[in-house]
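Q: Pasting the sequence and the predicted model now:
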Amino acid sequence: MTPVRDVDVAILGAGSAGLSAYRAAREHTDRVLLIDPGPLGTTCARVGCMPSKLLIAAAEAAHAVDDATRFGIDVQGVRIDGARVMARVRAERDRFVGFVLDDIERIAPDHRLDGVARFLDPHHLQVDGPGGALTVRADRMVIATGSRPRLPPEWRSALGDRLIVNDDVFDWQDLPRSVAVVGTGAIGLELAQALHLLGVRVRLLGRGPTVGPLSDPALAALAASHFDATLPLQRDATVQRVERLGDEVAVHWRSASGTQSEHFDVLLAAIGRRPNTDALGFEHTGLDCDADGVPLRDPTTMRIGHSHIFIAGDAGDDRPLLHEASDEGLIAGHNAGRYPDVQAGRRRTPLAVVFCEPQIAMAGRSHRELTAAGTRFATGTVSFENQGRSRVIGRNVGALHVYGERGTRRLLGAEMLGPAAEHLGHLLAWSIGRGETVDEALAQPFYHPVIEEGVRTALRQLRQALDRPEPAPCEGCAPGD
Ligand SMILES: Cc1cc2nc3c(=O)[nH]c(=O)nc-3n(C[C@H](O)[C@H](O)[C@H](O)COP(=O)(O)OP(=O)(O)OC[C@H]3O[C@@H](n4cnc5c(N)ncnc54)[C@H](O)[C@@H]3O)c2cc1C
Ligand SMILES: NC(=O)c1ccc[n+]([C@@H]2O[C@H](COP(=O)([O-])OP(=O)(O)OC[C@H]3O[C@@H](n4cnc5c(N)ncnc54)[C@H](O)[C@@H]3O)[C@@H](O)[C@H]2O)c1
């Protein structure tokens, strides 16, 4: 007979959401079990946020050298040593992973279980681990199983190990000569640009008009034309066929300019991620799932329907970002721990940053969301082209749009492509989160000369737009136009 462990709370997955859930649940009960087959260390530290930013840091250093000539500084004999670039990426990545592993080591051994969990019924899990199968009975559960890259099966069968995903990049011993990157979302854009700046021959293939997550049509168009000019990018490509030819891959795609083919060392698929919920055996739980097989949850409590099961992080397929995974884990862990006393947790003002050059940031509600909701809003804009400090440092590319509500004058959201977007995005998200009006935001100090003065210009424009009477609605006009 399969041995049975009986606990109050079982947590499936020891990533960022799962670890956060574990700490929260432990505040309410000692009978908690954290289940994960590994590799441990979290997606963020092992194959996500941290190693990608390490690669980008190397690319920024190479770019700064290239760009020095605009300041009258010519650098001779530049050589990018791919082996050393990747050695630093791996070493620093291992250091970050090491801190997570140390944290996990500190968790009592009888609170940890090595294995893959799936549901037998709403209160029982089968966990397949190195010691065989074990049944876990839990009063409450937190699903925090993360996500994995989407991969067309025909690409895998055609290319074998020449089809790679983000995980593979950060184990490279050296930089490859050439990479086809498919997908112009955050991962594709960040990695393709970094590799391009590090001297790798890259082709970035997208299938739509946009690059990255910007939803404001004017900003999306600006981003598209900027990346068209600075990256080997084909935005309207439909990959028709991929094939392996010895040590190379041939990628055949169709676009408005016809059918093209190119050979690369590898094809890096960055066409989105899917939640790791498909093999969890939800059919044995009676939980309601969406068309992708992801259970429907309350975004403030993380509770799935009226059940005793909670879901957090990328597994929930809602806001697949690190700080959201940690917050969701915390909410789910507390609610699972003190169940049936389920309480709404604090959700923060949305904030997303893409670490390309120039960076992309989105704070608060997006242009798409405001428009879809029929919100009455006005837009203030600034271009960084002639913004003082941005020109001084030679990074005068991009624009910022801030959205304010007609009537209340409250800041609702912002989108931008431009210098220091990671910092400006924070300032704006904090201001939006405090419920500030445009007038309150403008009452804050702005030093001179700084990039933040660009925010002031956009806010002043927004104030003027809010002072003017609202334009009469016209057919085809979106709110905020
Ligand atoms: C290349 C890349 C770059 C990124 N950059 C950023 C960034 O700059 N900023 C940002 O905010 N976000 C970034 N993200 C997103 C961020 O990394 C994720 O949103 C976050 O790590 C998700 O955490 P998680 O806990 O949901 O999942 P994970 O950390 O993946 O944890 C899931 C855990 O579940 C375990 N598991 C899976 N199935 C089972 C099962 N059946 N039973 C038990 N355990 C199971 C897995 O082994 C894993 O340990 C990036 C992601 C990628 C891929
Ligand atoms: N800086 C950051 O915060 C950061 C960085 C990387 C990833 N992430 C997180 O990871 C998530 C996943 O990133 P992602 O870039 O894999 O997904 P994504 O959903 O952001 O982008 C995937 C892109 O691939 C395109 N695509 C899908 N199928 C395609 C096909 N067959 N051919 C060509 N293009 C195709 C989609 O249209 C989309 O543009 C992001 O949503 C983000 O939340 C965050």
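A: On my side now, so go ahead. Ligands and ions are numbered 1, 2, ... in the order given.
Q: Going by C-alpha atoms from here, please, whenever you check contacts or count neighbours.
A: Will do.
Q: got the residues of this protein near ligand 2?
A: Among all residues of the chain, those adjacent to ligand 2 (criterion: CA under 6 Å from any ligand atom) are 182-188, 206-207, 238, 270-273, 320-321, 352-355.
Q: Select the longest strand from the protein.
A: strand 132-143 (DSSP state E).
Q: What lies in contact with the next helix or strand after that strand?
A: Tracing the chain C-terminally past strand 132-143 and defining elements by DSSP states H and E, one meets strand 147-149 next. Defining contact as CA atoms under 8 Å, 6 or more residues apart in numbering, one finds that strand 147-149 is touched by 165, 269-276, 314-315.
Q: just to revisit the earlier point, restricting to the residues of the chain next to ligand 2, which residues neighbour ligand 1?
A: Applying CA under 6 Å from any ligand atom to the residues of the chain next to ligand 2, one finds that 187, 320-321 fall near ligand 1.
Q: Which of those residues fall in helices?
A: In helices, judged by DSSP state H, the following of those are found: residue 187.
Q: got a winner among the ones next to ligand 1 among the residues of the chain next to ligand 2 for most neighbours?
A: For these, neighbours were counted using other CA atoms under 10 Å, and residue 187 has the most, 24 neighbours in all.
Q: residue contacts, it?
A: By CA under 8 Å, 6+ apart, the neighbours of residue 187 are 166, 270.
Q: ok, 6 Å please
A: Contacts were defined as CA atoms under 6 Å, 6 or more residues apart in numbering; by that measure residue 187 touches no other residue.
Q: So which residues of the chain form helices?
A: For the chain, the helices defined by DSSP H occupy 16-26, 43-47, 49-67, 82-105, 153-159, 166-169, 186-197, 217-230, 322-338, 367-372, 388-392, 421-433, 438-442, 452-467.
Q: just for this protein, where's the confidence low?
A: 1, 473-481 (pLDDT under 70).
Q: how about the residues of it near ligand 1?
A: Within the chain, the positions near ligand 1 by CA under 6 Å from any ligand atom are 12-18, 35-40, 42-44, 47-49, 52, 116-118, 144-147, 166, 187, 276, 280, 313-315, 320-323, 325.
Q: Can you select the buried ones from those in PyMOL?
A: To isolate the buried members of these in PyMOL, using 16 or more other CA atoms under 10 Å:
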select buried, resi 12+13+14+15+16+17+18+35+36+37+40+42+43+44+47+48+49+52+116+117+118+144+145+146+147+166+187+276+280+313+314+315+320+321+322+323+325
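Q: re earlier: now, the residues of the chain next to ligand 2 that are in strands?
A: 182, 238, 273, 352-354.
Q: Go through these and single out the one with the most neighbours.
A: Counting neighbours by other CA under 10 Å, the one among those with the most is residue 182, which has 25 neighbours.
Q: who touches that one in this structure?
A: Counted by CA under 6 Å, 6+ apart, residue 182 has contacts 204-205, 269-270.
Q: With residue 127 instead?
A: Counting by CA under 6 Å, 6+ apart, residue 127 makes contact with 115-117, 133-134.
Q: Skipping adjacent residues, who's closest to it in space?
A: Closest residue to residue 127 apart from its sequence neighbours, by CA to CA, 6 or more residues apart in numbering: residue 117 at 4.3 Å.
Q: Next: residue 199.
A: Sequence neighbours aside, residue 80 is the residue nearest to residue 199 in space, at 7.5 Å (criterion: CA to CA, 6+ apart).
Q: From ligand 1, how far off is the one you found?
A: Note on residue 80: its distance to ligand 1, by CA to the nearest ligand atom, to the nearest Å, is 22 Å.
Q: So which residue is smack in the middle of the chain?
A: Centre of the chain computed as the mean C-alpha position; nearest residue by CA atoms, centre = their mean is residue 321, 4.7 Å away.
Q: can you tell me how far that residue sits from residue 245?
A: 37 Å (CA to CA, to the nearest Å).
Q: Ok, residue 134 next?
A: Residue 134 sits 45 Å away from residue 245, taking CA to CA as the criterion.
Q: for residue 383, same thing?
A: For residue 383, the distance to residue 245 equals 46 Å [CA to CA].
Q: what about these two, which has more around it?
A: Neighbours were counted for residue 383 and for residue 245 using other CA under 10 Å; residue 383 has more, 19 against 13.
Q: Chain neighbours aside, what residue packs nearest to the more buried one?
A: Taking CA to CA, 6+ apart, and ignoring the residues beside it in sequence, residue 383 has residue 399 as its nearest neighbour in space, at 4.2 Å.
Q: Give the burial count for that neighbour, as a bare number.
A: 25.
Q: Tell me who's in contact with it.
A: Counting by CA under 6 Å, 6+ apart, residue 399 makes contact with 382-384, 416-418.
Q: does it have beta-bridge partners, and which?
A: In this entry, residue 399 is beta-bridged to residue 383, residue 417, by DSSP bridges.
Q: Could you check how far it is from residue 9?
A: Following CA to CA, the distance that separates residue 399 from residue 9 is 48 Å.
Q: Go ahead and build a PyMOL selection from the buried members of the contacts of residue 399.
A: Buried subset of those, written as a PyMOL selection, criterion 16+ other CA under 10 Å:
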select buried, resi 382+383+384+416+417+418
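Q: Can you tell me which of the contacts of residue 399 is nearest residue 260?
A: Using CA to CA, the shortest approach to residue 260 within the contacts of residue 399 belongs to residue 417, at 30.1 Å.
Q: Just list whatever residues bridge to residue 118.
A: Under DSSP bridges, the residues paired with residue 118 across the bridge are residue 126.
Q: And it, how close does it get to residue 296?
A: Relative to residue 296, residue 118 is positioned 18 Å away (criterion: CA to CA).
Q: Kindly tell me how buried residue 389 is, as a neighbour count.
A: For residue 389, the count of nearby residues is 19 (other CA under 10 Å).
Q: what sits against the closest residue in space to residue 26 that isn't next to it in sequence?
A: In space, not counting the residues next to it along the chain, residue 26 is nearest to residue 32; the distance is 6.7 Å by CA to CA, 6+ apart. The contact partners of residue 32, by CA under 6 Å, 6+ apart, come to 7, 9-10, 111.
Q: ok, 10 Å please
A: Shown in contact with residue 32 (CA atoms under 10 Å, 6 or more residues apart in numbering): 6-11, 22-23, 25-26, 110-112, 138, 140-141, 337.
Q: What subset of those residues is buried?
A: Burial of the contacts of residue 32 was assessed by neighbour count (16+ other CA under 10 Å); the buried members are 6-11, 22-23, 25-26, 112, 138, 140-141, 337.
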